[in-house]
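Participant: Need the 3D shape of this:
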Amino acid sequence: MAAAFRTTIEEGRSSALTADEMVSLLVEAEWDDRNSRRIERQLRNARFRYRANLEQTYFDIDRNLDKNLFMRLTECTYIDRFENVMITGSTGIGKSYIASALGNQACILGYKVLYSNSSKLFSKLKMAKADGSYLKEIARIEKQDLLILDDFGLLPLDSYSRATLMEIIEDRHGKRSTIIASQLPVQQWYDIIGEATIADAILDRLVHDAHRIELQGESLRKRKKAETVEVLDMEG
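Facilitator: Predicted coordinates for the structure are as follows:
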């Protein structure tokens, strides 16, 4: 408020404002500043892999990304309804970016978000069990309005990771939302999780009524690299 007041004085606008208008301007400036700092704090705490945003999401290429579904998800009503999102597709197709863009939008709208590579999260929780901080970490995950698990299924789950995933999903089921990004189609997740009974329990809670984004096509990284080479060749 002090900064806004100083700026108004320096720009010579104060004499043109009534007392009510001045108070309104200062309150609005304070609210904007607090909101900006809250968003920045939420984004920092989320630890996204990419600082992704909606404006840079590609819809003009053939990768089976339904723009209507994506834009509905950016409204974050799925979080209010405690629904999940499954994003699948080959490497380099943009799964992590889309998951991060949805998480970024959730932060902007005031939701608490945590992003993590799946394998790294399981390793971190295994270490937490050894040093006695496991319950604290699990409680922190449970409190997030949106949990994003990226690169799910790169390696089959061992018994510890399987039990940890079951605990996380059970804690969040019907109370919080989860986004999972994976190179593997959902039907192959049973084999990755292992132990049919636990796999059934996890996937029943995750996949039922989940929104699915099944990306197709060539790697965007390879495409961008090819376009860069082509431009350089033309310039040469």
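Participant: For Cys107, give its distance to Glu75.
Facilitator: 14 Å (C-beta to C-beta, to the nearest Å). All C-beta atoms are positioned from the backbone trio N, CA, C, and that covers glycine.
Participant: Could I get the contacting residues of the residue nearest the centre of the chain?
Facilitator: Nearest to the geometric centre of the chain sits Gly103, at 2.8 Å (C-alpha atoms, centre = their mean). By C-beta atoms under 8 Å, 6 or more residues apart in numbering, the contact set of Gly103 is Ala46, Phe48, Ala52, Val113, Tyr115, Leu146, Ile148, Ile179.
Participant: Pull out the buried members of those.
Facilitator: Among the contacts of Gly103, those scoring as buried are Ala46, Phe48, Ala52, Val113, Tyr115, Leu146, Ile148, Ile179 (criterion: 16 or more other C-beta atoms under 10 Å).
Participant: gap between the lengthiest helix in the chain and the chain center?
Facilitator: In the chain, assigned by DSSP state H, the helix with the most residues is helix 19-46. Helix 19-46 sits 23 Å away from the centroid of its parent chain (C-alpha atoms, centre = their mean, to the nearest Å).
Participant: for the record, mean pLDDT for that helix?
Facilitator: Averaged over helix 19-46, pLDDT sits at 77.
Participant: And that helix, what does it pack against?
Facilitator: helix 2-10, helix 95-108, strand 113-117 (3 or more C-beta pairs under 8 Å, 6 or more residues apart in numbering; DSSP states H and E).
Participant: who has more neighbours, Cys107 and Glu75?
Facilitator: Between Cys107 and Glu75, counting by other C-beta atoms under 10 Å, Cys107 is the more crowded of the two (23 against 11).
Participant: Check whether the more buried one really touches Asn35, as I assumed.
Facilitator: No - with contacts counted by C-beta atoms under 8 Å, Cys107 stays clear of Asn35, the gap being 11.5 Å.
Participant: What are the contacting residues of stretch 28-36?
Facilitator: Met1, Ala3, Ala4.
Participant: cool, stretch 150-166 as well?
Facilitator: 49, 95-96, 99, 115-119, 122, 125-126, 180-184, 188-189, 191-195, 198, 201-202.
Participant: coming back round to it: between the longest helix of the chain and helix 2-10, how big is the angle?
Facilitator: 140 degrees (axes from the mean of the first three to the mean of the last three C-alpha atoms, to 10 degrees).
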